[in-house]
Structure formats: structure tokens, C-alpha cells
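Peer 1: Structure here, sequence nowhere to be found:
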């Protein structure tokens, strides 16, 4: 996964955790604006989330952040 996407995921996870607590869940759509202006990056996140790791639609932000920081 590209560096910029990893950084964005960690940033969004941190914001969500700070705002709503450690139990907050999110989907991979949380890392993007409401318009599809980066389809390649969106598909990269979707592949990582769905195909590679077979994650549920909503996962805990803490879990996703830990996975990204670990380079999984």
C-alpha cells in the first residue's frame, strides 16, 4: 500500500479514536471524501481491506491503525 494512503489511514484512525473513543468502528470509505476523485487509491484500500485481509465492513479503528503501522 502506498505511503500516502498508510499515512491517511493512521491520521483518520487517530482522529476517530480521539473523537469517539477506542471502540469506534469504521469502514475503508472513512479514508476518502464523499466523491470518487481518487478511484485508484480507493480500490487499493478496498483490495487491502477486503481481498487481502477479509475484514468485515466495519472494524475497530484501533485494529486498523495497528495493522497499518505493523505493515500488514
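Peer 2: Cool, the structure landed. Predicted model, so just to flag it, every value in this text is computed and none were measured.

Peer 1: and residue 13, how many neighbours does it have?
Peer 2: For residue 13, the count of nearby residues is 24 (other C-beta atoms under 10 Å). C-beta here means a position set from N, CA and C on the backbone, and glycine is covered the same way.

Peer 1: Chain neighbours aside, what residue packs nearest to residue 46?
Peer 2: residue 28 (5.9 Å; C-beta to C-beta, 6 or more residues apart in numbering).

Peer 1: That neighbour and residue 14, how far apart?
Peer 2: Distance, residue 28 to residue 14, using C-beta to C-beta, to the nearest Å: 16 Å.

Peer 1: try residue 1
Peer 2: 17 Å.

Peer 1: Tell me which of those two has more neighbours.
Peer 2: Legend: neighbour count by other C-beta under 10 Å for residue 1 and residue 14, higher for residue 1 (15 against 12).

Peer 1: Enumerate every residue touching the more buried one.
Peer 2: Taking C-beta atoms under 8 Å, 6 or more residues apart in numbering as the criterion, residue 1 is in contact with 44-45, 48, 68.
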